[in-house]
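>>> what's the 3D shape of this:
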Amino acid sequence: MILMGQCSFFTCHLYEYHFIPDGKTWEEAQSYCREHYTDLATVSDMRGVERLTNSPQTTDAWIGLRSINESDIKEWHWSLPGEKYNPTECDRGCAPEWVPDEPDNGGDDPENCVGIKPSQKWYDVHCSRSQKFICYNESGQENNFVIDEPKNWLQAQSYCREHHTDLVSGITHINSTEFKERVEELNDQHGSLWIGLFREIWSWSDGKNFSFRHWDPDSFEDEASKTCAMTTSNGKWSSDTCTEKKPSYCYDDKVILVNESKTWYEALDYCRANHRDLISITDSHQQRWVQEKAKMADTPFWLGMRYTCTLDLWFWVIDRMVCYDNWAPDQMDMCGMAAVMKRDGKWYKKADREKFHFICVK
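As a prediction, the model looks like this:
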């Protein structure tokens with residue numbers, strides 16, 4: 001049992017990658033992965049990239065990202081995993097962050113990347129333009145760094161991920177006093193800076209809504225005929241014609257949503273008898289993966305976490321204290337309570353005798 005008052009780092013992989021060396025078209029690889037595993041590889045953040053990169057194989061291989069080439073359904077995303085872009089009800093000109101009448105996707109070439117002006121207003125622009133940019137660093141006293149070396153958007157994203165965390169992303173970060181001071185101090189009246197907002201038509205084979213992309217700025221070819229994504233030897237991604245035959249990466253999901261209503265203890269017993277355990281979430285990476293599963297649930301579902309009155313703390317069934325959490329506001333601690341997740345991804349405290357669906361780990 002873990003000592004009281006201490007948090008230990010625990011990594012449990014909720015999915016596994018499998019390298020398939022046989023050359024297949026993208027659709028053949030997709031069919032093979034769905035038959036033998038879960039689907040072609042989905043990647044949610046840099047941790048997933050690192051797991052693919054650590055594979056002994058370095059050859060180009062298909063992953064589950066594909067462009068459907070329909071410009072009318074392009075969606076805006078933030079570069080930093082976990083940040084959600086919430087569009088307004090109108091198409092343009094009504095969101096306070098945008099320059100009036102932006103985004104307008106002006107010109108013959110699509111404007112799929114976003115810059116910020118000295119006025120703190122956003123505008124869409126061609127991703128190939130070279131300009132300065134702001135990186136976000138999630139640790140340390142200083143979070144925002146202006147890079148005084150013009151790059152295109154993909155190059156800027158790659159630089160930020162290698163030297164900091166990512167291009168600055170999310171309304172909370174961009175509305176911070178520190179960020180606004182950086183823009184005012186280091187941006188002249190005729191310039192602009194990249195931020196981490198972009199739009200595209202690429203989507204994952206398994207239907208997950210992860211916005212994470214890891215394009216190689218030096219090899220990515222955004223051509224109409226090259227609509228399937230692949231890894232490269234440096235760990236970044238490029239695209240190619242889907243009929244080319246290549247190796248591939250599949251993934252096997254270890255997270256099982258059980259659509260049966262049980263009390264918390266009944267759910268725990270079921271998972272341990274039929275799989276491994278009730279789901280435990282110990283960091284934001286695992287939260288993002290399970291939160292995607294939550295979107296498919298009709299009801300809240302149990303997590304493997306319960307409150308103990310004796311020790312006055314919450315603990316996971318894997319004997320870990322709760323060091324990471326995603327509680328909804330105003331949740332009260334009471335004896336006999338356990339945690340559920342709802343479709344919004346937030347955690348809620350419920351009496352353990354109530355009945356909900358639940359998630360097991362294989």
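
>>> Could you report the distance from Lys254 to His214?
Distance of Lys254 to His214, given as Cβ to Cβ, to the nearest Å: 22 Å. C-betas here are computed from N, CA, C, even on glycine.

>>> So which elements touch the helix or strand containing Cys250?
Element membership of Cys250 [criterion: DSSP states H and E] is strand 246-253. Using 3 or more Cβ pairs under 8 Å, 6 or more residues apart in numbering; DSSP states H and E, the elements in contact with strand 246-253 are strand 15-24, helix 26-36, strand 39-40, strand 61-67.

>>> re earlier: between Lys254 and His214, which has more neighbouring residues?
His214 (24 against 18; other Cβ atoms under 10 Å).

>>> Isn't that one up against Asp45?
No: the pair His214 / Asp45 is not scored as a contact, 9.3 Å apart, by Cβ atoms under 8 Å.

>>> any idea whether Pro150 is helix, strand or coil?
Per DSSP: H, G, I helix; E, B strand; the rest coil, the local secondary structure of Pro150 is strand.

>>> ok, now the one 5 residues further on?
Going by three-state DSSP, the secondary structure assigned to Gln155 is helix.

>>> The nearest residue to it once chain neighbours are set aside and Leu311, how far apart?
Take Gln155 and drop its neighbours on the chain: the residue closest to it by Cβ to Cβ, 6 or more residues apart in numbering is Pro217, 4.4 Å away. Computed with Cβ to Cβ, the distance linking Pro217 and Leu311 is 51 Å.

>>> Same question for Asp344.
For Asp344, the distance to Leu311 - Cβ to Cβ - is 29 Å.

>>> which stretches of the stretch 51-200 of the chain have low pLDDT?
Residues of the stretch 51-200 of the chain that meet the criterion pLDDT under 70 lie in 54-58, 69-73, 87-95, 106-109, 140-141, 186-190.

>>> repeat that with 80
Applying pLDDT under 80 to the stretch 51-200 of the chain flags residues 53-59, 68-74, 86-96, 104-110, 139-142, 184-191.

>>> What residues of stretch 122-136 count as buried?
Neighbour counts over stretch 122-136 (16 or more other Cβ atoms under 10 Å) mark 122-125, 127, 131-136 as buried.

>>> Which pLDDT value belongs to the nearest residue in space to Phe220 that is not next to it in sequence?
Once flanking residues are discounted, Phe220 sits nearest to Ser238: 5.2 Å by Cβ to Cβ, 6+ apart. With respect to pLDDT, Ser238 has a value of 93.

>>> Please verify my assumption that Ser238 contacts Ala229.
Yes: Ser238 is within contact range of Ala229, at 7.4 Å (criterion: Cβ under 8 Å).

>>> Compare the two (neighbour count), which wins?
Neighbours per residue, other Cβ under 10 Å: of Ser238 and Ala229, the larger number sits with Ala229, 27 against 17.

>>> What's the first helix or strand after the helix or strand containing that one?
According to DSSP H and E, Ala229 maps onto strand 228-231. Sequence-wise, the next helix or strand downstream of strand 228-231 (DSSP H and E) is strand 237-240.

>>> Tally up the residues packed near the residue lying closest to His18 once chain neighbours are set aside, please.
Nearest residue to His18 in three dimensions, chain neighbours excluded: Cys250, at 4.6 Å (Cβ to Cβ, 6+ apart). By other Cβ under 10 Å, 24 other residues sit near Cys250.

>>> thinking again about what came up before, pairing partners for the helix or strand following the strand holding Cys250, with directions?
Using DSSP H and E, the helix or strand that directly follows strand 246-253 along the chain is strand 255-262. Strand 255-262 pairs in its sheet with strand 356-361 (antiparallel), by DSSP bridges.

>>> In CSV, could you pull the C-alpha coordinates for the partner strand?
The C-alpha trace of strand 356-361 is given here as CSV (Å, rounded to 0.1, in the frame of the first residue of the first chain):
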residue,chain,number,x,y,z
PHE,A,356,-23.9,2.9,-13.2
HIS,A,357,-22.0,1.5,-16.2
PHE,A,358,-18.2,1.2,-15.8
ILE,A,359,-14.9,0.9,-17.6
CYS,A,360,-12.5,-2.0,-17.2
VAL,A,361,-8.8,-2.3,-18.2
